[in-house]
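Novice: predicted model and sequence follow; I will ask about them next.
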Amino acid sequence: MLLVVFGEARARGQRLKVLRALTESIVLAQQQGGMMEDALVELRCLTRSKAAWFRLVEGGNLVATHAVGVSQDFLREASCAELTDSVSQMLERGKPVTALRSAASPEDARLLKAEKLHGVVMVPVLGKKAPIGLLVLGSSGIRKLTVEELEFLETCGRQLGIAIENFRLLEQALRSQRQWRNTFDSVHDIILAHDADFRIIKANQTLLEQVELPSADV
């Protein structure tokens with residue numbers, strides 16, 4: 001009984017450690033790619049999986065964007081999987097699913113066999129409004145996950161989904177800012193923007209050329 005209690009306590013401690021690492025990675029990441037790679041490494045180690053990869057929902061497909069522990073041949077041949085109705089329903093439910101390679105849709109059983117993967121755990125990655133992708137953990141053996149482990153993976157999937165959404169919103173804001181700046185500077189008339197106290201906060205390129213001063217001085 002003591003061994004069981006200590007084992008469960010150690011497992012919970014490991015899950016908390018991974019969750020802290022994921023949170024730190026999300027907070028410190030400058031790019032979505034670095035965050036996802038860190039997440040795959042951490043979850044692969046925690047679940048003692050042989051491989052881990054992430055598929056992003058793009059139109060009617062699931063496109064593999066990041067992976068650890070698989071060959072280049074696998075990445076090339078399994079780069080795009082069809083987003084079928086059954087997979088869409090799994091994503092909508094938002095619950096991790098375990099499956100043998102023969103029933104691991106959307107993954108190709110032949111490619112999983114080539115990688116010596118006997119089973120997979122598929123974790124939906126959900127945003128606030130819609131599914132974003134699918135995180136897949138592949139193992140060389142058959143291991144039954146506990147309810148706590150499945151709930152933990154579900155939580156990780158939701159955290160990653162919200163983080164990816166935040167990255168997308170930031171990218172959209174930066175893109176809009178660049179477009180506004182380019183439009184502002186493309187006008188040949190002198191234009192400036194000021195605040196309520198009439199302090200100049202933005203001057204277009206035409207004005208800067210006329211006064212022959214850098215933007216900071218203006």
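Specialist: Structure's in. What do you need?
Novice: can you give me the strands for the chain?
Specialist: 51-58, 61-68, 80-82, 97-100, 119-126, 131-139, 192-194, 200-203 (DSSP state E).
Novice: Throw those into TSV and include mean pLDDT, thanks.
Specialist: Rendered in TSV, the data for the strands of the chain read as follows (pLDDT from 0 to 100):
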stretch	mean pLDDT
strand 51-58	93
strand 61-68	92
strand 80-82	91
strand 97-100	92
strand 119-126	93
strand 131-139	93
strand 192-194	84
strand 200-203	84
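Novice: can I get these in a markdown table including mean neighbour count and distance to Phe167?
Specialist: (Each C-beta comes from the backbone N, C-alpha and C, glycine too.) Compiled in a markdown table, those are given as follows (neighbours: other Cβ atoms under 10 Å; distance: least, Cβ to Cβ, whole Å):
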| stretch | mean neighbour count | distance to Phe167 |
| --- | --- | --- |
| strand 51-58 | 22 | 12 |
| strand 61-68 | 19 | 13 |
| strand 80-82 | 14 | 22 |
| strand 97-100 | 15 | 26 |
| strand 119-126 | 24 | 13 |
| strand 131-139 | 24 | 11 |
| strand 192-194 | 11 | 28 |
| strand 200-203 | 15 | 26 |
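Novice: tell me which of those sits nearest to Arg158.
Specialist: Checking the strands of the chain against Arg158 by Cβ to Cβ gives strand 119-126 as the closest, at 5.5 Å.
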